[in-house]
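[1] below is the sequence, then the predicted model.
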Amino acid sequence: MWRIEGAFALAVTVGASIQTAAEAVVDPTGRVACAWVTRPLFPSVDLEARNTALRWEFKPGMEDGKPVHVLVTIILAFGR
C-alpha cells in the first residue's frame, strides 16, 4: 500500500488531481453530523476526505418551514 500512496503523493506534487465522493448527513443546525466515503481510493485519502466533509457547514434543509436532517453528496478534489 505504501507504493500506491507514495505514487498518489507524487502525482499531486507534479500537478495531478484526484477526486473522491462522500455522503453526509447535515443536521438542522447546518453542521455535518456524520460522513462516509462512497468512492474510496486509498486509506489516507479516504480519511482526509471524510475529515474534510465533517468540517463543512451548510444552510439547513427546510421542510414545512422547519430545519431538518438532509443527506448530501459531496465531491472532493485533492491536488492542484
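    Perfect, thanks for sending it.
[2] quick one: the residue located most distally from the centre of the chain and residue 72, what's the gap?
    Farthest-out residue of the chain from its mean C-alpha position, per C-alpha atoms, centre = their mean: residue 64, at 28.6 Å. Applying C-beta to C-beta, to the nearest Å, the value for residue 64 to residue 72 is 20 Å. Every C-beta, even on glycine, is put in place using the N, C-alpha and C of the backbone.
[3] let me see the contact set for the closest residue to residue 25 other than its chain neighbours.
    Computed as C-beta to C-beta, 6 or more residues apart in numbering, the closest residue to residue 25 that is not its neighbour in sequence is residue 33, at 4.7 Å. By C-beta atoms under 8 Å, 6 or more residues apart in numbering, the residues touching residue 33 are 24, 25, 26, 27, 69.
[4] out of the residues you listed, which sit inside strands?
    Counted as lying in strands by DSSP state E, out of these, are 24, 25, 26.
[5] pull out the buried members of these.
    Buried by 16 or more other C-beta atoms under 10 Å: 24, 26, out of the ones in strands among the contacts of residue 33.
[6] relative to residue 46, which of the ones in strands among the contacts of residue 33 is nearest.
    residue 24 (13.9 Å; C-beta to C-beta).
[7] for that closest one, give its distance to residue 40.
    15 Å.
[8] again with residue 71
    In terms of C-beta to C-beta, residue 71 sits 19 Å off from residue 40.
[9] of those two, which one has the most company?
    residue 40 (13 against 9; other C-beta atoms under 10 Å).
[10] can you tell me the SS state at the more buried one?
    coil (DSSP: H, G, I helix; E, B strand; the rest coil).
[11] cool, thanks, talk later.
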